[in-house]
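J.: Output the structure for:
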Amino acid sequence: MIVIRKSQDRGHAQHGWLDSYHSFSFADYYDLKWMGFRTLRVINEDRVAPGQGFGSHPHRDMEIITYVLSGQLKHKDSMGNEGTIHPDEVQKMSAGTGVVHSEFNASSDKEVHFLQIWIMPDTEYLQPAYEQNFLPADQQNSFVVFPVNIHQDAKVFRGRVSKGHELSYVLNKERGAWVQTISGSLLINENSLEAGDAVLIEKETDLHFTTSSQCEFLLFDLK
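T.: Numbers count the residues shown, from 1 in each chain. I've put the predicted structure just below:
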């Protein structure tokens, strides 16, 4: 079973300083059909204006992953972590028993574009933790796993595929996959996707990815 989630059908919030698209119900956007998928709860595609951002706010019992696509995002949290996330870097916070953090655009003249992802942990009341690691910027035509420890039976892969190349992925028949297209055009088992589109996949084992242009996407392999 493959279900396409078109970009324009996502929830959308425009706050002036923030332009945000929600793959699943979030904040003021509520759709009973799209409350999440398996342990994947949130995928927000955010664009934040220069110098603006999210002030200090709390989270708990959630694995929060941030992937910067362009620009720079400044992070600060109650664990004492402070720094900047750049493109091709992945940040993960285990909110656990509770953490307070803020995220601001580090630039005074360019917007920052990023994905924020929430995955429900397999254990409550974890000790809060933080990671920030690089992905290889030049690794093309292969799947690269996000180099962070997720407290869940879930893996996140980045795919970057050059025009005319193909990738294959074998999915266990008991598991599900979510594919979120970031840029370019992508065919998954002959289903066509453009930037911002996604697909929900269940009861499929052989996944074939082909492109007609340079393409970037994320693949979530979920219990």
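J.: contacts, neighbours, all on C-alpha from now
T.: OK.
J.: quick one, domains of the chain?
T.: For the chain, automatic domain parsing gives the domain ranges 9-134, 142-222.
J.: end to end, how far does the first one reach?
T.: Here the two ends of domain 9-134 are set 32 Å apart, with distance taken as C-alpha to C-alpha, to the nearest Å.
J.: before we move on, the earlier item: which among the domains of the chain is found nearest to residue 2?
T.: domain 142-222 (4.7 Å; C-alpha to C-alpha).
J.: Run the chain-centre distance for that closest one.
T.: Domain 142-222 sits 12 Å away from the centroid of its parent chain (C-alpha atoms, centre = their mean, to the nearest Å).
J.: Quick one: mean pLDDT for it?
T.: For domain 142-222, the mean pLDDT works out to 96.
J.: Tell me how many other residues crowd residue 220.
T.: Using other C-alpha atoms under 10 Å, residue 220 has 19 other residues around it.
J.: The helix or strand hosting it pairs with which strands?
T.: Using DSSP states H and E, residue 220 sits within strand 215-222. Take DSSP bridges as the rule and strand 215-222 pairs in its sheet with strand 154-161 (antiparallel), strand 176-183 (antiparallel).
J.: Show residues contacting that strand.
T.: Applying C-alpha atoms under 8 Å, 6 or more residues apart in numbering, the external contacts of strand 215-222 come out as 38-40, 153-163, 171, 175-186.
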